[in-house]
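Peer 1: here is a sequence together with a model predicted from it:
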Amino acid sequence: MKPISKTPFDRVFERITRKSAQRTSRRSFLAQCGLWLVAASTLPVLPVARRAQAAEPHAKGKPAGKFASEFANRAQTKDPTQCNYWRYCSSDGYLCACCGGGPSTCPPGTSPSPTSWIGSCINPDDGKTYLIAYRDCCGQDSCGKCACLGQEGDMPSYRPQVNNDIIWCFGASSMVYHCSSAGLVGLAE
Amino acid sequence: MRTAGWPAAVVAGLALACGASPPAAAQAPGTNVPDAVTRLSGLRLEPMSRPAQTYATNCQGCHGELGRSVREIPPLAGRVGYFARVPAGRRYLVQVPNVALNPSSDADIAAVLNWLLRTYSRAELPADFEPYTAAEVAELRQARIDVNATRASVVDELVAAKQVPSRDTLALAQTPLY
């Protein structure tokens, strides 16, 4: 039969389609289709090694899921300019470490707010829980670098004292938010 | 030598005077924080007691590590103990909304109140101060008070009973109108 398609590409597919339509019975097609459907839904359930896709196990090769905190299982203690630096489990905002300051120091030209949001994070290297003061640095426009959204212990804004979306510049010379620092307060028992 | 010795003496004196610093209450030896940023600083942190921890996570953000903060936040240091001198004030300290509605347990609230009264305001506490118990807190925190009116009446009572040096001692900073 003369193909009705115009382009060679279409003709190839037309030929394949017509061949299979002539050769395959409807029942066989349904059976094949059913097999594929079942296979497609069952295969992912089979016990396939998923290590590669799992959260990156940290430096010492400890298994993922060691701590109750999901954040701590992915956290590292080396680079404070990354969102997964262990102290940032509840940090919400731009990291001061990316804005010319440090994880616990404000960049030049901004001042630390006298009030702060206090949370606790697990240090993955010793497994201990530390109290962290999330102190906003205020007085300059938003830094805009390294936006991180840690949510541990965060509550909706009807619990304002434990909501980290609020700008904690209360009492600072300026209410203009620049970045968030994460100073160590103490070691939880 | 002498000039170098002076600042140290002053710092030591200050540290004694404000000996209320919560992390100072050490139960176990301190620990170095495993952290690239603090490794060179040799920073050691002492374990905090449970009440100090409750205070840190629920109160310290606004009231400050040493019980005082910006003027908008009522200071605890040198002041909160006065309230424990009359029964109405003792009730008020539990019923003030951020204490009564706090997610902490009754036992934790009793412990943190006893701890902060003794840590920040020991001198103002009555000599016969009875520590709060979990049962007392459980009962008191059920009440929903009109916080401003209750506070004003407690202060009136303290002033009338001459339990505070003056009315100004417990004054609240006027929040500026924007």
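Peer 2: Everything's here; your move.
Peer 1: OK, contacts around the residue positioned nearest the centre of chain B?
Peer 2: Note on chain B: the residue nearest the mean C-alpha position is B:L116, at 3.9 Å, using Cα atoms, centre = their mean. The contact partners of B:L116, by Cβ atoms under 8 Å, 6 or more residues apart in numbering or on different chains, come to B:51, B:55, B:59, B:67, B:76, B:80. C-beta here means a position set from N, CA and C on the backbone, and glycine is covered the same way.
Peer 1: most surrounded residue in the residues you listed?
Peer 2: Using other Cβ atoms under 10 Å in any protein chain shown as the neighbour test, these are led by B:Y55, with 25 neighbours.
Peer 1: follow-up on the earlier one: out of the contacts of B:L116, which touch chain A?
Peer 2: Counting by Cβ under 8 Å from any Cβ of the partner chain, nothing from the contacts of B:L116 sits close to chain A.
Peer 1: of those, which is the nearest to A:S91?
Peer 2: Within those, the smallest distance to A:S91 is 20.4 Å, found for B:C59 (Cβ to Cβ).
Peer 1: would you confirm that B:A134 contacts B:V112?
Peer 2: No - because the distance of 11.5 Å does not satisfy Cβ atoms under 8 Å, B:A134 is recorded as not touching B:V112.
Peer 1: about what we covered before: quick check: of the contacts of B:L116, which lies closest to A:C143?
Peer 2: B:C59 (29.0 Å).
Peer 1: contacting residues for the closest one?
Peer 2: Counting by Cβ under 8 Å, 6+ apart, the residues that B:C59 touches are B:98, B:112, B:116.
Peer 1: rerun that using 10 Å as the cut-off
Peer 2: Shown here is B:C59, whose contacts under the criterion Cβ atoms under 10 Å, 6 or more residues apart in numbering or on different chains are A:118, A:161, B:67, B:76, B:98-99, B:102, B:112, B:116.
Peer 1: also A:Y158?
Peer 2: Taking Cβ under 10 Å, 6+ apart as the contact definition, A:Y158 lies against nothing.
Peer 1: on the pLDDT front, check it for me.
Peer 2: Taken from the predicted model, the pLDDT recorded for A:Y158 is 77.
Peer 1: B:I109 versus that one, what's the distance?
Peer 2: Going from A:Y158 to B:I109 by Cβ to Cβ, to the nearest Å gives 20 Å.
Peer 1: which residue packs closest to the one residue in chain B that gets nearest to chain A, ignoring adjacent ones?
Peer 2: With Cβ to the nearest Cβ as the measure, B:V70 is the residue of chain B nearest to chain A, at 3.0 Å. If you skip the residues right next to it in sequence, B:V70 has A:G171 as its closest partner in space, 3.0 Å away by Cβ to Cβ, 6 or more residues apart in numbering or on different chains.
Peer 1: what do you get for A:A68?
Peer 2: A:I122 (8.0 Å).
Peer 1: what is that neighbour paired to in the beta sheet?
Peer 2: Legend: beta-bridge partners of A:I122 under DSSP bridges are A:T129.
Peer 1: residue contacts, it?
Peer 2: A:66-69, A:71-73, A:75, A:86, A:89, A:128-130, A:152, A:188.
Peer 1: hmm, try it at 6 Å
Peer 2: For A:I122, the contacting residues are A:67, A:69, A:72, A:129, by Cβ atoms under 6 Å, 6 or more residues apart in numbering or on different chains.
Peer 1: do you know the pLDDT at it?
Peer 2: According to the model's per-residue confidence, A:I122 sits at a pLDDT of 92.
Peer 1: follow-up on the earlier one: now list whatever residues contact both of B:A134 and B:V112.
Peer 2: Taking Cβ under 6 Å, 6+ apart as the contact rule, B:A134 and B:V112 touch no residue in common.
Peer 1: having no further points to raise, I will conclude here.
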